[in-house]
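model this:
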Amino acid sequence: MSDPHPARSHEKEDRRTFLQKVAEFIHPGPDSRDELIETLADAEDNEIIDAESRVMLEGVIRMADLTAGDVMVAAPRMDLISIDSPYDDILHLVIDTAHSRFPVYEDDRENIIGILLAKDLLKLQRAPELNIRALLRPAVFVPESKGLNDLLREFRGNRNHLAVVIDEFGRVAGLITIEDVLEQIVGEIEDEFDIAEEEGDIFALADRTYRVSGDTAIEKVNEAFGVDLAPAATAEGDRRFETIGGLIAHEMGHVPKRGEHHRMAGLDFVVLHTKGGAVRWFKVAPAHSDDDTG
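Sure, this is the predicted structure:
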């Protein structure tokens, strides 16, 4: 059946398009991702949104360009379990690392046969006749090039929280968890700190603190913050720590866990994230007093 008022329908459609064009002319929207991020910064400055909202929105925008390979824990830092490991060894690894999930391999670290959930080890206490192999969950494998948006959708859809990342040759490149992906949204989003922009491992945050990579050279931290964090010599001899993560772990006497604090040379270091037995990010701010531990 034909439209009884074709002209009126066409006129309405044209009017809507015209109004859209007028709105865009009066207040044009951003033409690129960088402009959109600048708009969010302006919105925060004008108190339209708060800092936390800006962080999350920027995280969503930036995540569109990230892949599993960008955020994964690299293979050398993966905590793996051998299917032939004694129960006590596995239990100690679970306690020491505080992870909830572990890839399990057989014979070769490249041969991952499943995922062990730490909570499933409790079943062995109640049913000793079981073995580790019976507790394994299927392992999920994704390529390094997998986009984080797609990966998050899959994590939500299949309720997996961990995936093994493989390279183009089918070798294990690392692992990634749903926490790693979500952290790109809810974690601190940085403005580049100009002293360190060439390597991108020290960033200024919206709350006037800084995010510092655990792999940052100690000399670079000294230069950026105007402090003197003297690398302590190890007991083995003259070798000295080169990274801020290694130095603070040594000073604390253990691998720092998320949320732990340490004060050195007038700076407060808060552990934001750890991966594979090492600190990936610190949050750094001037200490509120001169009572330093380093």
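
use CA for all of it now, contacts and neighbours both
Noted.

Which residue ranges make up the domains of the chain?
Domain assignment of the chain by automatic domain parsing yields the ranges 69-185, 190-286.

and the first one, how far out from the chain's middle?
Domain 69-185 has its average C-alpha position 16 Å from the chain's average C-alpha position, going by Cα atoms, centre = their mean, to the nearest Å.

May I have the distance across it, first residue to last?
Its first and final residues considered, domain 69-185 spans 17 Å by Cα to Cα, to the nearest Å.

any chance of the domains of the chain in TSV, plus mean neighbour count, mean pLDDT and distance to residue 55?
Converted to TSV, these look like this (neighbours: other Cα atoms under 10 Å; pLDDT from 0 to 100; distance: least, Cα to Cα, whole Å):
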stretch	mean neighbour count	mean pLDDT	distance to residue 55
domain 69-185	16	88	7
domain 190-286	17	75	8
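
who wins for proximity to residue 50 among the ones you listed?
domain 190-286 (9.8 Å; Cα to Cα).

quick one on the thing from earlier: switch the domains of the chain over to JSON lines; also include distance to residue 50.
Below are the domains of the chain laid out as JSON lines (distance: least, Cα to Cα, whole Å):
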{"stretch": "domain 69-185", "distance to residue 50": "15"}
{"stretch": "domain 190-286", "distance to residue 50": "10"}
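
And the strands in the stretch 151-294 of the chain?
Assigned by DSSP state E, counting those that start in this stretch, the stretch 151-294 of the chain shows strands spanning 162-166, 172-177, 191-192, 202-204, 210-213, 261-264, 267-275, 278-286.

can you check the stretch 1-150 of the chain too?
Using DSSP E, counting those that start in this stretch, the strands found in the stretch 1-150 of the chain span residues 73-74, 81-82, 101-106, 108-117, 141-143.

which stretch among the ones you listed comes nearest residue 272?
Judged by Cα to Cα, the one of the strands of the stretch 1-150 of the chain that comes nearest to residue 272 is strand 73-74, at 15.4 Å.

Against residue 159, how distant is residue 218?
Residue 218 sits 40 Å away from residue 159 when distances are taken as Cα to Cα.

One more: residue 272?
25 Å.

Look up which residues are beta-bridged to the closest residue to residue 142 other than its chain neighbours.
Among residues not flanking residue 142 along the chain, residue 165 sits closest, at 5.0 Å (Cα to Cα, 6 or more residues apart in numbering). On the basis of DSSP bridges, residue 165 is bridged to residue 142, residue 174.

Residue 165 contacts residue 71, doesn't it?
No. In this structure residue 165 lies outside contact range of residue 71 using Cα atoms under 8 Å: 10.4 Å.

shared neighbours of the two, anything?
Jointly contacting residue 165 and residue 71 under the rule Cα atoms under 8 Å, 6 or more residues apart in numbering are residue 176.

Minimum distance to residue 46: which of the domains of the chain has it?
domain 190-286 (13.7 Å).

any idea how far that closest one is from the chain center?
Distance of domain 190-286 from the chain centroid (Cα atoms, centre = their mean) equals 16 Å.

so who does residue 84 touch?
By Cα under 8 Å, 6+ apart, the contact list for residue 84 reads residue 106.

For residue 96, see how far away residue 132 is.
Residue 132 is 19 Å from residue 96, where distance means Cα to Cα.

need the contact list for the most centrally placed residue in the chain.
By Cα atoms, centre = their mean, the chain has its centre lying nearest to residue 180, at 4.3 Å. Neighbouring residues of residue 180 by Cα under 8 Å, 6+ apart: 71-72.

again with residue 152
By Cα under 8 Å, 6+ apart, the contact set of residue 152 is 178, 181-182.

do residue 139 as well
Contacts of residue 139 were listed using Cα under 8 Å, 6+ apart, and they are 103, 112-115, 163-164.

what's the nearest residue to residue 176 if we skip its chain neighbours?
Using Cα to Cα, 6+ apart and skipping the chain neighbours, the partner closest in space to residue 176 is residue 72 (4.7 Å).

got the contact list for that neighbour?
Counted by Cα under 8 Å, 6+ apart, residue 72 has contacts 165, 174-177, 180.

just the helices in this protein please.
All helices of the chain, identified by DSSP state H, fall at 6-26, 33-45, 51-63, 68-71, 87-97, 122-126, 132-135, 148-158, 178-186, 218-225, 244-252.
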